[in-house]
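K.L.:
Sharing a model prediction with you, sequence too.
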There are 2 protein chains.
Amino acid sequence: MKSATIIGAGLAGSLWAVYLAKAGYKVTIFERRSDIRKAEISAGKSINLALSTRGWTAMKEVGVDKEIKPIAIPMSGRIMHSTSGELTYQPYGKEGQAIYSVSRGGINAKMMDIAEASGDVEIHYQHRCLDVYFESGTVLIENALTKETFKHQSDVVFACDGAYSAVRYNGFQKLDRFNFSQNFIADGYREILLPANEDGSYKLDKNALHIWPRGRFMMIALANEDGSFTCTLFMPFENNEYSFDKLTSKEAVDNFFKNVFPDFHEMMPNVAHQWEDHPLSSLAIMRCYPWTHGKVALMGDAAHATVPFYGQGMNASLEDCYEMGRLMKKHNENWDEVFKEYQEIRKPNGDALQDLSLYNYKVMADFVADPHFLLKKKMELRISELYPDKYLSLYSMVSFSNIPYAEAHKKGLEQDAFMENIMAENDVKALIDNGGIDDLIHSIFGN
Amino acid sequence: MKSATIIGAGLAGSLWAVYLAKAGYKVTIFERRSDIRKAEISAGKSINLALSTRGWTAMKEVGVDKEIKPIAIPMSGRIMHSTSGELTYQPYGKEGQAIYSVSRGGINAKMMDIAEASGDVEIHYQHRCLDVYFESGTVLIENALTKETFKHQSDVVFACDGAYSAVRYNGFQKLDRFNFSQNFIADGYREILLPANEDGSYKLDKNALHIWPRGRFMMIALANEDGSFTCTLFMPFENNEYSFDKLTSKEAVDNFFKNVFPDFHEMMPNVAHQWEDHPLSSLAIMRCYPWTHGKVALMGDAAHATVPFYGQGMNASLEDCYEMGRLMKKHNENWDEVFKEYQEIRKPNGDALQDLSLYNYKVMADFVADPHFLLKKKMELRISELYPDKYLSLYSMVSFSNIPYAEAHKKGLEQDAFMENIMAENDVKALIDNGGIDDLIHSIFGN
């Protein structure tokens, strides 16, 4: 029987197990942590994530989407919270388009259930990968409970073991000519749980992603199923007017929220008391190449860990599964050929995803509070309504399409220059106010 | 008694041991390899190196220079070998200035002797560092012969264990927010030993660094003490008209040398038979930060491994010792303060060294065969002869001064733009030929 090993039972690992099981592989998964379905999610991991089109596409391919839809909360736009408490809404796309807030633990548990139910899949928890033998497809595994080590061999091995991938660290990094970088950005994050009202209702509109943009830093909030919101404060660690190193006392935290996020402080006056509930965590971009060697491939964060500002980390990982699945069929399970094309196709997209993610911190923390940016988004939206075949905004290409990230990035830069030109030559604000905007758009895109 | 641990008995480790011993430290060195004084130098390590002013300065500070001088061969300039066998000489600096060809093994052995003789220094060979405990200054060591492991504690720990530093890999890389990258360039290298004549004499001028510049690749040769030359061919691994992947048979190697380096082939017609004597090796730039944590500091290649094209890898490592020694005195052996200033000062210089090293591949492989470049060097030399206080070429700043690399790099770029301007506005070639060049220089630099 055809066999595969997967290191890591996270989002990429559990979805890829479903793909492999459906293709008739006996799949063995080794996961360092305990069963997420029986234990608390580990501290420091973000609690909810934004699922968008690429993720749905990858899940739909193997019928997983139906099981996830009921636990996903649609967010059709952003709501910006100014310091004075004023709210501004900006739709993400057209009517009916949305990204979805999902619980990392919830979606992961569901995918494990599906993987186990869909074929010959075995998941071993609390099993660490110590080493990898590329040519034979063998991994050296330690049972963390018994400390016993053993080797496990299969036709092919997939490292879905995250940003701090053991396979990459213990295996790939020791290969000659393996390029690798881990770059931590100057900012960290801390999560805060905004509880539901006493009656279980939401304190904010649950169908939007909330942003408190403050220029060099920001807070965001995504709804959870139970009426609460997971809020995340992104901010420099140090060396800034506002940075984490200054928030070392309850009083300092309280004052910070009172002054910087007054509407939030009103909703959650005890925020300073929950400050230590979640750790202060760092954020890194990890790049490497090659992604495959011998019988082993890196997938998801193990290959292209990114910062979370485009909400695309999970989506890119699930898209890896979709693409690997497509190539598995295309090359008739000749894994040498699959791996070759996989890394050639996916690497530029991983790089673009990371560049886009870094760029979007500026968009979220700063640009969304800028009238010029919001005007441009309004105009963009109208263009794509009138000429959907001719114009798709960068955000839409990334979040509502399956256009490769590298292509989206390139096109997005070109379009932005084009839009800036139009706005320099026309009073777009007046045209929107007086209804003349459609005429302008027709005059430009009509032919 | 004050104590220090050094991981690695290479060039940085053995010189730094001398500094520490002279400052009254009990020094324990753990070296992964066998004693270089009793064994063959490991394959793949380059056999000779170019020592320049920074290295001499660092050795002189602790009196080591006197012992090294007798085994160093001065090279006062480059000799370029064209395909047609024509030789062009270009002096490196002023009369009397030279860089020095030294044997890696020879200089390393001498420095170990001096370290052992200069105080309480113990070197343990075939001892690997498995782990490091930053706060206590403890290392976990494995005796490679007995497989026994033990811990060793001291006031302070120095990782001088090279590009593939175990301390960096097993320790620093696991720290949160440690930035790291390993980037392999597209080129590799292979060494060839050009033997002495039958009578022991040199086949080429020993007091020059020989270059066969071929545009996208090159070969170089440095003299050894025994009449031989170590020649190194730098070339892309693949995907080029000339690349290592095409030289897979004796016949292909022979043809390659016949066509590309005909004068060399004449001197060494059996080159193809020696092709496999040395391995094909890769070349990488490794960057990281921070360089210190707790009681542990990275020095030399462990902190800033570079490609060899400026001949500065060893010199930068020895300069680390000089700077660490200076700061040790300045801060009265308060190591927290020493480490803080050490990494702040040295990191920009490490980065600049790496940028300069990459740039100089182009200089050596390509520019040195370009009449415009050689003319510029001639003009530069004359300027620095007439106005030594006002002008020092980039090469001289890097190789014949102790000006920090970052400053040299910045100044070098400015000077180059300035020189290009002068050459665009004046017929420098004619002025050199007709003796008018000094007037031009005086008119520019006179005030």
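P.N.:
Noted; the coordinates are in hand.
K.L.:
Point me to the residue of the stretch 101-250 of chain A nearest chain B.
P.N.:
When distances are taken as Cβ to the nearest Cβ, the stretch 101-250 of chain A reaches nearest to chain B at residue A:181, 3.5 Å away. Backbone N, C-alpha and C define where each C-beta goes, glycine included.
K.L.:
Is that residue in contact with residue A:304, as I believe?
P.N.:
No. Residue A:181 is beyond contact range of residue A:304, at 11.5 Å (criterion: Cβ atoms under 8 Å).
K.L.:
So the two - more neighbours on which side?
P.N.:
Using other Cβ atoms under 10 Å in any protein chain shown as the criterion, residue A:181 and residue A:304 rank with residue A:304 on top: 29 against 16.
K.L.:
and the gap between residue A:74 and residue B:284?
P.N.:
Look at residue A:74 and residue B:284: by Cβ to Cβ, to the nearest Å, they are 47 Å apart.
K.L.:
quick one on the thing from earlier: find the helix or strand that the residue of the stretch 101-250 of chain A closest to chain B is a member of.
P.N.:
Secondary structure assignment for residue A:181, by DSSP states H and E: strand A:179-194.
K.L.:
how far off strand B:179-194 does that strand point, in degrees?
P.N.:
170 degrees (axes from the mean of the first three to the mean of the last three Cα atoms, to 10 degrees).
K.L.:
Alpha carbons of the helix or strand just after strand A:179-194, in CSV - could you do that?
P.N.:
Using DSSP H and E, the helix or strand that follows strand A:179-194 in sequence is strand A:208-213. Output of strand A:208-213 as CSV, limited to C-alpha atoms (Å, rounded to 0.1, in the frame of the first residue of the first chain):
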residue,chain,number,x,y,z
ALA,A,208,-16.8,42.9,10.6
LEU,A,209,-13.1,42.9,11.4
HIS,A,210,-12.5,45.7,13.8
ILE,A,211,-9.4,47.9,13.6
TRP,A,212,-8.1,50.6,15.9
PRO,A,213,-5.5,52.1,13.5
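K.L.:
and the very next helix or strand once past strand A:208-213, what does it pack onto?
P.N.:
Downstream of strand A:208-213, the first helix or strand assigned by DSSP H and E is strand A:218-223. Here strand A:218-223 touches strand A:48-51, strand A:73-75, strand A:208-213, strand A:229-236, helix A:335-365, going by 3 or more Cβ pairs under 8 Å, 6 or more residues apart in numbering or on different chains; DSSP states H and E.
K.L.:
try 7 Å
P.N.:
With contacts defined as 3 or more Cβ pairs under 7 Å, 6 or more residues apart in numbering or on different chains; DSSP states H and E, strand A:218-223 has these neighbours: strand A:208-213, strand A:229-236.
K.L.:
Of all the ones you listed, which one comes closest to residue B:11?
P.N.:
strand A:229-236 (38.8 Å; Cβ to Cβ).
K.L.:
so the closest one versus helix A:335-365, what angle?
P.N.:
Using the same axes, to 10 degrees, strand A:229-236 lies at 80 degrees relative to helix A:335-365.
K.L.:
where are the low-confidence patches of chain A?
P.N.:
For chain A, the stretches flagged by pLDDT under 70 are A:39-46.
K.L.:
domain assignment for it?
P.N.:
According to automatic domain parsing, chain A is divided into the following domains: A:3-73+A:104-182+A:285-359, A:185-282, A:370-445.
K.L.:
Need the winner for burial among the ones you listed.
P.N.:
Ranked by mean neighbour count, the domains of chain A are led by domain A:3-73+A:104-182+A:285-359 with a mean of 20 (mean count of other Cβ atoms under 10 Å in any protein chain shown).
K.L.:
Return the residues of the stretch 251-400 of chain A in contact with chain B.
P.N.:
residue A:282 (Cβ under 7 Å from any Cβ of the partner chain).
K.L.:
so who does residue A:306 touch?
P.N.:
A:285, A:313, A:353, A:354, A:357 (Cβ atoms under 7 Å, 6 or more residues apart in numbering or on different chains).
K.L.:
Which member of the residues you listed is positioned nearest residue A:401?
P.N.:
residue A:353 (13.8 Å).
K.L.:
Please name the residues that touch residue A:401.
P.N.:
Here residue A:401 is in contact with A:53, A:392 (Cβ under 7 Å, 6+ apart).
K.L.:
do you know how far it is from residue A:57?
P.N.:
Taken as Cβ to Cβ, the span from residue A:401 to residue A:57 is 9 Å.
K.L.:
and if you look at residue A:263?
P.N.:
Distance from residue A:263 to residue A:57, by Cβ to Cβ: 37 Å.
K.L.:
what does residue A:81 give?
P.N.:
Distance of residue A:81 to residue A:57, computed by Cβ to Cβ: 32 Å.
K.L.:
Now distance to residue A:98 too, for the domains of chain A, in CSV please.
P.N.:
Formatted as CSV, the domains of chain A follow (distance: least, Cβ to Cβ, whole Å):
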stretch, distance to residue A:98
domain A:3-73+A:104-182+A:285-359, 9
domain A:185-282, 8
domain A:370-445, 9
